[in-house]
Structures are given as C-alpha cells and as structure tokens.
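Participant: got a predicted structure here, sequence first:
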Amino acid sequence: MKHSMSSTLDRAALIVGILFFFGVMIEDYRKILGQVMDLILGWLPDTGLSFPVMLFILAAITGLYASLVQKYTMDWDFLRSQQERMRALQSSMRAAQLAGDQARIQSLQTEQMRMVSEQGKMMQMQFKPMLYIGIISIPLFMWIYFYIHNSGSISMTFPFWGTHDINETVLGPILYWFYWYFVCSLPVSQIIRKALDIGSMS
C-alpha cells in the first residue's frame with residue numbers, strides 16, 4: 001500500500017515537472033504561472049530587500065531543494081561504480097592496444113558495449129531529478145519574470161562591469177539577472193552539496 005502510494009506520488013510529481021518544463025514555452029502559460037506565484041511570493045519585495053538580495057534568497061532555496069532531490073533520487077553508488085569501471089576499462093584498452101593483444105581488445109570492446117547499454121539507466125537517473133527540480137525552480141523563475149516585467153527598469157551594479165539594466169544581455173541570450181542568479185546559486189549549491197556529501201564521484 002505504501003509502495004503503491006509512493007509510486008503514484010512519484011508519477012504525479014514527474015507529470016507536473018514535465019508540464020512545467022514544456023509549458024514555459026507558451027507565453028500565456030508563463031504569465032499565468034507568474035501571477036499565481038505572485039500570490040505566494042508577492043510579499044517578498046515589501047520586506048524592503050533589494051532585487052539582488054531577493055535573487056540570492058531564491059537561488060539558495062533552489063540550490064537546497066535541487067541538492068536534496070539529487071541526494072534522494074540518484075543512486076550515487078551506481079554512478080561511482082560506473083565511473084570506476086569506465087576508467088579501468090579505458091586503462092585496460094590502452095594497455096591492450098600498446099601490447100597489440102587483439103584478443104584482449106576484442107574482449108574489452110564487448111565489455112564496452114555492455115557498459116554503453118547501461119548508459120540509458122544513467123541518463124534516466126539524471127533526467128528524473130531535473131523534472132523534480134523544475135517543480136520549484138520553474139515557478140520561481142516565472143515569478144522573477146513577472147516581477148521584473150511589472151517593476152519597470154531595474155539596475156544592478158557589478159564589479160568591474162559597472163551598472164547595467166538587469167534585462168540587458170551579458171553574452172548571447174544570458175541576461176544580467178540570470179547571470180547574478182547563477183553566481184549566487186553556484187557557491188550556495190556547492191556548500192550544501194559538500195555538507196550533504198552529494199555527488200562526490202571521485
């Protein structure tokens with residue numbers, strides 16, 4: 001009974017994640033999601049926090065949630081063992097090629113094909129957390145878009161770069177506000193992952 005309920009919740013969460021993931025491609029969907037999230041987060045600007053600080057808070061929330069999702073949905077022991085097997089296989093393949101051992105090379109190529117067939121499990125294992133993470137991160141991003149759109153011009157001062165409108169592009173399609181969000185989330189995520197011992201593949 002408990003396993004059945006867990007599987008049902010698991011499927012429901014994945015469906016929601018997929019809807020969020022592909023739904024953001026529709027402009028009206030983005031607006032509606034931003035408005036809904038404003039009912040939840042609309043109080044945040046009223047606290048007097050600056051926009052960069054608000055982005056830092058949201059980045060920290062996303063980083064914590066994403067780290068917890070990855071910790072409990074991914075089989076890190078399996079990923080580590082696969083990495084170790086691949087390293088050992090590559091080392092053995094190099095040694096066999098240098099020795100000109102064709103029989104050994106053929107045996108290792110067969111082993112390599114078996115490992116390739118297991119890549120599907122690894123890809124599924126890595127894709128699944130993305131959908132879970134999207135349940136939180138995508139609505140937060142839509143609220144940020146909603147807030148920026150309704151706040152007019154917002155500027156930020158960056159070290160060495162000076163003051164820029166947050167909707168200006170840093171490089172290609174990357175906006176200044178998203179760049180700041182990434183700069184904030186990276187160290188926070190690394191600290192959380194280190195504390196929870198997540199993703200250590202070495």
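Facilitator: Looks like it arrived, so ask away.

Participant: contacts, neighbours, all on C-alpha from now
Facilitator: OK.

Participant: show me the contacts for Asp101.
Facilitator: By CA atoms under 8 Å, 6 or more residues apart in numbering, the contact set of Asp101 is empty.

Participant: for Ile174, give me its contacts.
Facilitator: So Ile174 contacts nothing (CA under 8 Å, 6+ apart).

Participant: my bad, Glu168
Facilitator: 175-176.

Participant: roughly how far apart are it and Leu33?
Facilitator: Going from Glu168 to Leu33 by CA to CA, to the nearest Å gives 23 Å.

Participant: and if you look at Pro52?
Facilitator: Taken as CA to CA, the span from Pro52 to Leu33 is 22 Å.

Participant: kindly report the same for Asp197.
Facilitator: On the measure of CA to CA, Asp197 and Leu33 end up 34 Å apart.

Participant: could you give the average pLDDT over stretch 159-177?
Facilitator: The average pLDDT for stretch 159-177 rounds to 82.

Participant: after the one helix or strand Arg11 maps to comes which helix or strand?
Facilitator: Arg11 belongs to helix 2-23 when assigned by DSSP states H and E. As assigned by DSSP H and E, the chain's next helix or strand after helix 2-23 is helix 27-41.

Participant: and that following helix, what's buried?
Facilitator: Buried residues in helix 27-41, counting neighbours by 16 or more other CA atoms under 10 Å, are found at 30-31, 33-38, 41.

Participant: pLDDT and distance to Arg11 added to those residues, as TSV?
Facilitator: Conversion of those to TSV gives the following (pLDDT from 0 to 100; distance: CA to CA, whole Å):
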residue	pLDDT	distance to Arg11
Arg30	82	23
Lys31	85	26
Leu33	88	21
Gly34	88	25
Gln35	90	26
Val36	90	23
Met37	91	23
Asp38	92	27
Leu41	90	27
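
Participant: kindly list the longest helix within the protein.
Facilitator: Using DSSP state H, we find that the single longest helix of the chain is helix 119-150.

Participant: please state the offset of that helix from the chain centre?
Facilitator: Offset of helix 119-150 from its chain centre (CA atoms, centre = their mean, to the nearest Å): 7 Å.

Participant: which parts of that helix are buried?
Facilitator: 125, 128-148.

Participant: could you check the angle it makes with helix 27-41?
Facilitator: 80 degrees (axes from the mean of the first three to the mean of the last three CA atoms, to 10 degrees).

Participant: and Lys2, what pLDDT?
Facilitator: Confidence score, pLDDT, at Lys2: 49.

Participant: now swap in Leu39 and tell me
Facilitator: 91.

Participant: distance of Gly152 relative to Asp38?
Facilitator: 16 Å.

Participant: low-confidence regions, this protein specifically.
Facilitator: 1-7, 9-10, 13, 120, 199-202 (pLDDT under 70).

Participant: do you know how far the most centrally placed residue in the chain is from Leu140?
Facilitator: Centroid-nearest residue in the chain, with CA atoms, centre = their mean: Met130, separated by 5.7 Å. Separation of Met130 from Leu140 (CA to CA) stands at 15 Å.
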